[in-house]
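>>> Sequence first, predicted model second:
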Amino acid sequence: MSGHSKWKTTKNKKAAADAVKGRLFTKATKEITVAAKDGGGDPNMNPRLRIALAKAKEANMPKENVEKAIKKGTGELPGVIYETIMYEVYGPGGVAIMVEALTDNKNRASAEIKNILSRRGGNMAGPGAVSRFFHKKGSILIEKSKIDEDKLLDIVLNAGAEDMKTEDKIYEITTDPKDFEKVKKALDDNKVECHVAEVTMVPTMTVKVASDHAKQVLALVDSLEDYEDVQNVYANFDIPDEILEQAKG
């Protein structure tokens with residue numbers, strides 16, 4: 001499995017642990033609220049809200065929390081107004097990083113993110129310097145033990161997937177964002193369990209990270225993800241599996 005794919009599966013396990021501490025619920029609440037504010041509270045008419053609700057369901061977020069988040073977004077309940085901000089960052093070893101924040105205080109978020117970068121060896125990049133290395137895609141990871149490759153390929157291509165790559169232990173499926181839900185539904189209908197399923201920023205190219213920078217890069221990404229105003233962190237590093245294991249250890 002490539003270092004980047006392995007990192008994505010590790011992130012998924014980390015998210016499950018975060019749910020116990022409530023951090024995942026906080027981020028899911030913000031996403032639902034913003035999605036409802038931007039596109040309305042009816043998930044049938046709001047694709048972003050549908051995806052946010054699906055992720056909340058996977059995290060076992062209580063139904064009453066979900067309903068409150070929607071109502072805060074639609075204005076039926078008083079709530080905080082969140083602003084979406086994308087930060088473009090260079091990390092150690094020239095790694096490109098996109099940081100997506102949802103915050104009710106832009107100045108606070110910017111100051112804290114700059115503080116994290118200063119402590120962890122990152123630097124702010126100019127507009128467009130980093131974003132050009134990413135494009136928005138649906139990304140689905142499935143463990144190879146769950147299904148035969150030919151059967152999976154048939155399911156996802158018929159549902160509109162763009163590509164499927166086979167790694168050591170993982171199938172990685174890529175879709176256009178507008179086709180993500182259709183492909184995910186086809187997998188659900190065929191009872192294929194997804195390890196990771198999300199609309200994300202996929203790197204157009206990756207940067208191989210040497211062992212002396214690997215731990216720094218992962219520490220920077222972890223620190224950014226742990227900050228409460230940060231919703232998502234996207235990075236284009238590729239760390240060899242053995243170095244990734246050592247760095248995470």
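Cool, the structure landed. Because the structure is predicted, anything quoted here is derived from the model rather than measured.
>>> Strand partners (parallel or antiparallel) of the longest strand along the chain?
Ranked by residue count and defined by DSSP state E, the top strand of the chain is strand 134-143. When sheet partners are counted by DSSP bridges, strand 134-143 sits next to strand 170-175 (antiparallel), strand 196-203 (antiparallel).
>>> Check the secondary structure at the most far-flung residue of the chain relative to its centre for me.
The C-alpha centroid of the chain is most remote from Glu76, which lies 28.6 Å away (Cα atoms, centre = their mean). Here Glu76 is coil, with the state taken from DSSP: H, G, I helix; E, B strand; the rest coil.
>>> wait, isn't Ala52 in contact with Thr33?
No - here Ala52 does not reach Thr33: they are 9.0 Å apart, not a contact under Cβ atoms under 8 Å. Every C-beta, even on glycine, is put in place using the N, C-alpha and C of the backbone.
>>> The host helix or strand of Arg50 packs against which elements?
Assigned by DSSP states H and E, Arg50 belongs to helix 47-58. Under the contact criterion of 3 or more Cβ pairs under 8 Å, 6 or more residues apart in numbering; DSSP states H and E, helix 47-58 touches helix 23-39, helix 63-74, helix 180-189, strand 196-203.
>>> so can I have JSON lines of the ones you listed showing distance to Lys146?
Shown next, in JSON lines, are the helices and strands packed on helix 47-58 (distance: least, Cβ to Cβ, whole Å):
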{"stretch": "helix 23-39", "distance to Lys146": "23"}
{"stretch": "helix 63-74", "distance to Lys146": "28"}
{"stretch": "helix 180-189", "distance to Lys146": "10"}
{"stretch": "strand 196-203", "distance to Lys146": "13"}
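>>> any chance of these in TSV, plus mean pLDDT?
Output for the helices and strands packed on helix 47-58, formatted as TSV (pLDDT from 0 to 100):
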stretch	mean pLDDT
helix 23-39	92
helix 63-74	96
helix 180-189	96
strand 196-203	91
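>>> Quick check: which of those is nearest to Ala125?
Of all the helices and strands packed on helix 47-58, strand 196-203 sits nearest to Ala125, with 14.6 Å by Cβ to Cβ.
>>> CA atoms of the closest one as PDB?
C-alpha atoms of strand 196-203 as PDB (Å, rounded to 0.1, in the frame of the first residue of the first chain):
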ATOM      1  CA  VAL A 196     -13.100   5.300   3.900                       C
ATOM      2  CA  ALA A 197     -15.700   7.100   1.700                       C
ATOM      3  CA  GLU A 198     -15.500  10.900   1.400                       C
ATOM      4  CA  VAL A 199     -15.400  13.800  -1.000                       C
ATOM      5  CA  THR A 200     -11.900  15.200  -0.500                       C
ATOM      6  CA  MET A 201      -9.100  17.100  -2.100                       C
ATOM      7  CA  VAL A 202      -6.900  14.500  -4.000                       C
ATOM      8  CA  PRO A 203      -3.300  15.500  -4.800                       C
END
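>>> for that strand, the distance to its chain's centre please.
Offset of strand 196-203 from its chain centre (Cα atoms, centre = their mean, to the nearest Å): 6 Å.
>>> between that strand and helix 47-58, how many degrees?
130 degrees (axes from the mean of the first three to the mean of the last three Cα atoms, to 10 degrees).
>>> buried set for strand 196-203?
Neighbour-count burial for strand 196-203, counted by 16 or more other Cβ atoms under 10 Å, picks out Val196, Ala197, Glu198, Val199, Thr200, Met201, Val202, Pro203.
>>> Repeat that for stretch 101-119.
Going by 16+ other Cβ under 10 Å, stretch 101-119 has these buried residues: Ala101, Leu102, Thr103, Ala109, Ser110, Glu112, Ile113, Ile116, Leu117.
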